[in-house]
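1. Prediction below, plus the sequence it came from.
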Amino acid sequence: MIGRRSRRVAAGNPAEDLIKSLYAEHGRSLLDYATRLTGDRAAAEDVVQETLLRAWKHADALRSGVGSVRGWLLTVARNLVTDRARARAVRPMEVNQPVDVPAAQRDHADTVVDTMTVMGALDGLSAEHRAVLVELYYRGRTVNETAAVLGIAPGTVKSRTYHAVRALRAQLAQSLGQSGEVRR
């Protein structure tokens, strides 16, 4: 059911006024809900904007007085978040996108320390192992491209990659203490 203020606006004003009224009445709780679902304030703001756009498109249904407007808005927001998560799941990961940690929770200093730790561990590898990892992971080459660049067989690239990753893990384990902190 539309609140008193929304009903007053809906009686004689265009859909835009209804949306302004809906935002004034439900915007804060809608934003809080979307923020809890996404874990990201900017993404939540996008969800709220899209939710209100859909409310604008369905203003007649909202004016009918059937059902709860807040429930409708929260359901639309939840569906938008679900749709976005599904779209991200089928899309390849972007290069600079963190895997599990939202950008808001990741500190730049952590990234620098991680990079320095990995670079230090790479320095401890043999030249052959380091070259394979650099070509595959830093330059983003395929196995065949790496084989061509390094002048070795693709099977050799695969074998060196296997052993290089194991050696890199060992180097990282050696440089990390029990608490996960870098030993100095």
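-> That came through fine. As the structure is a prediction and not an experimental result, all values here were calculated from the model. Numbers count the residues shown, from 1 in each chain.
2. By mean pLDDT, point me to the weakest helix or strand of this protein.
-> helix 4-12 (a mean of 48; mean pLDDT, DSSP states H and E).
3. For stretch 168-176, which residues meet the burial criterion?
-> Buried residues in stretch 168-176, defined by neighbour count with 16 or more other C-beta atoms under 10 Å: L168, Q171, L172. No exception for glycine: its C-beta is placed from N, CA and C like everyone else's.
4. Can you name the helix or strand that T75 falls in?
-> Using DSSP states H and E, T75 falls within helix 69-90.
5. quick one: buried residues of that helix?
-> V69, R70, W72, L73, L74, V76, A77, L80, V81, R84.
6. Need those residues in JSON lines (columns: pLDDT and distance to D110).
-> Formatted as JSON lines, these follow (pLDDT from 0 to 100; distance: C-beta to C-beta, whole Å):
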{"residue": "V69", "pLDDT": "84", "distance to D110": "42"}
{"residue": "R70", "pLDDT": "86", "distance to D110": "39"}
{"residue": "W72", "pLDDT": "87", "distance to D110": "41"}
{"residue": "L73", "pLDDT": "89", "distance to D110": "37"}
{"residue": "L74", "pLDDT": "90", "distance to D110": "34"}
{"residue": "V76", "pLDDT": "91", "distance to D110": "36"}
{"residue": "A77", "pLDDT": "92", "distance to D110": "31"}
{"residue": "L80", "pLDDT": "92", "distance to D110": "30"}
{"residue": "V81", "pLDDT": "91", "distance to D110": "27"}
{"residue": "R84", "pLDDT": "88", "distance to D110": "26"}
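7. Between which two of these is the distance greatest?
-> Within these, two members stand farthest from each other by C-beta to C-beta: V69 and R84, at 22.8 Å.
8. just the strands in this protein please.
-> Using DSSP state E, no strands are found in the chain.
9. what angle separates the longest helix along the chain from helix 69-90?
-> Looking across the chain with DSSP state H, the single longest helix is helix 15-38. Following axes from the mean of the first three to the mean of the last three C-alpha atoms, to 10 degrees, one obtains 50 degrees for the angle between helix 15-38 and helix 69-90.
10. helices or strands up against helix 15-38?
-> helix 4-12, helix 41-57, helix 59-63, helix 69-90 (3 or more C-beta pairs under 8 Å, 6 or more residues apart in numbering; DSSP states H and E).
11. Reformat those as a markdown table; add distance to S29.
-> Shown next, in a markdown table, are these (distance: least, C-beta to C-beta, whole Å):
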| stretch | distance to S29 |
| --- | --- |
| helix 4-12 | 14 |
| helix 41-57 | 10 |
| helix 59-63 | 16 |
| helix 69-90 | 7 |
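12. No more questions from me, cheers.
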